[in-house]
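Engineer: Pasting the sequence and the predicted model now:
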Amino acid sequence: MSQENVELVRQWVEAFNRRELLLDDFDPDVEWVEDQRYPGAETFHGPAGVERSLKKWWDAWSEITMHLVEVIDLGDRVVVAGHTQARGHGSDVSVTAEFGGVYEFRRRKIVRVQVLGSRADALEAAGLSELSQENLDLLRRASEYVERTGEILPEAVHPDIVWDVTTFRGAIIPGTFVGVEEVNEWLAEWIEGFEDWSLDIEEVFDAGDQVVTIVRQRGKAKHGGPEVEMRFAQVWTFRDGLIARTELYADRNEALEAAGLRE
């Protein structure tokens with residue numbers, strides 16, 4: 001069910017960018033809460049109230065686009081963060097601002113939305129602990145470093161980090177790898193066959209001292225090979241503020257179950 005919630009939020013953001021309304025996705029008693037720090041902030045009720053809030057934003061800007069950077073799946077809640085680009089009427093200047101949000105679901109309908117001014121505000125509103133936020137921030141930096149350099153970020157992991165691929169059904173390079181050097185060797189072998197390799201985190205599930213990520217890998221096989229795209233899941237375990245263990249899974253549900261999360 002939570003995957004459906006995530007997809008619904010993504011669809012809603014895409015519709016917002018097209019200036020389309022998907023009011024059928026909202027519960028008849030939905031509560032839409034604007035950040036009280038916004039000028040003229042209000043709390044709206046019902047789909048008609050949601051429409052009034054959205055049209056207020058659309059009327060204020062000649063162009064406005066939401067760019068999702070992070071989606072955190074918490075089951076019956078979805079936390080989002082990103083930035084908005086907007087241009088005023090009669091202006092050639094584009095402005096960019098951070099945003100966050102928390103969507104709450106019941107019976108496949110959105111029942112409450114908090115429209116917030118930052119990722120930190122959204123995490124706090126969702127009740128994520130400071131430690132969880134630190135884990136998520138560290139994981140994001142580590143993932144960006146891997147994509148950029150092809151190596152694990154040394155200061156993000158324990159020296160004896162365990163990289164477990166035995167959990168990945170059908171793995172091309174199976175095994176358990178211990179320490180930064182062995183992990184980097186595994187990554188080098190994994191990436192070696194691709195050109196224009198990229199890694200995108202599509203979903204994040206917070207589980208306290210563990211984080212589950214659903215990842216999309218894309219690349220072009222070397223020597224004129226085809227474009228390749230695949231999705232897999234990782235369970236990251238943290239200890240003393242650092243990544244201590246990573247398990248790879250071909251199936252997202254297996255990863256969620258391993259972390260004690262069930263959809």
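Structural biologist: Okay, I see it.

Engineer: Which residues does stretch 168-178 contact?
Structural biologist: Stretch 168-178 has contacts (C-beta atoms under 8 Å, 6 or more residues apart in numbering) with 160-166, 183, 185-186, 189-190, 232, 248-251. Every C-beta, even on glycine, is put in place using the N, C-alpha and C of the backbone.

Engineer: same deal with stretch 55-68?
Structural biologist: Under C-beta under 8 Å, 6+ apart, the answer for stretch 55-68 is 10, 13, 16-17, 19, 40, 80-91, 94, 99.

Engineer: Using neighbour counts, pick out the buried residues of stretch 7-19.
Structural biologist: By neighbour count on 16 or more other C-beta atoms under 10 Å, the buried set for stretch 7-19 is 8-9, 12-13, 16.

Engineer: Give me the distance from it to the chain's centre.
Structural biologist: Put simply, stretch 7-19 sits 15 Å off its chain's centre (C-alpha atoms, centre = their mean, to the nearest Å).

Engineer: circling back to that earlier point, in helices, which of the contacts of stretch 168-178 appear?
Structural biologist: 183, 185-186, 189-190 (DSSP state H).

Engineer: Do a quick rundown of the helices in the stretch 1-150 of the chain.
Structural biologist: Along the stretch 1-150 of the chain, counting by DSSP state H, counting those that start in this stretch, helices occupy 2-17, 46-60, 119-125, 130-149.

Engineer: most packed of the ones you listed?
Structural biologist: Mean neighbour count (mean count of other C-beta atoms under 10 Å) peaks for helix 119-125 among the helices of the stretch 1-150 of the chain, with a mean of 20.

Engineer: For burial, what's the neighbour tally of residue 188?
Structural biologist: When neighbours are counted by other C-beta atoms under 10 Å, residue 188 registers 11.

Engineer: nearest spatial neighbour of it, skipping sequence neighbours?
Structural biologist: residue 150 (6.3 Å; C-beta to C-beta, 6 or more residues apart in numbering).

Engineer: Ok, residue 108 next?
Structural biologist: residue 4 (6.7 Å).

Engineer: Give me the residue ranges of the stretch 51-200 of the chain where confidence is low.
Structural biologist: 129-131 (pLDDT under 70).

Engineer: please redo it, this time with the cut-off set to 50
Structural biologist: Of all residues in the stretch 51-200 of the chain, none has pLDDT under 50.

Engineer: Between the helices of the stretch 1-150 of the chain, which one is closest to residue 27.
Structural biologist: Across those, residue 27 has its closest neighbour in helix 46-60 (8.4 Å, C-beta to C-beta).
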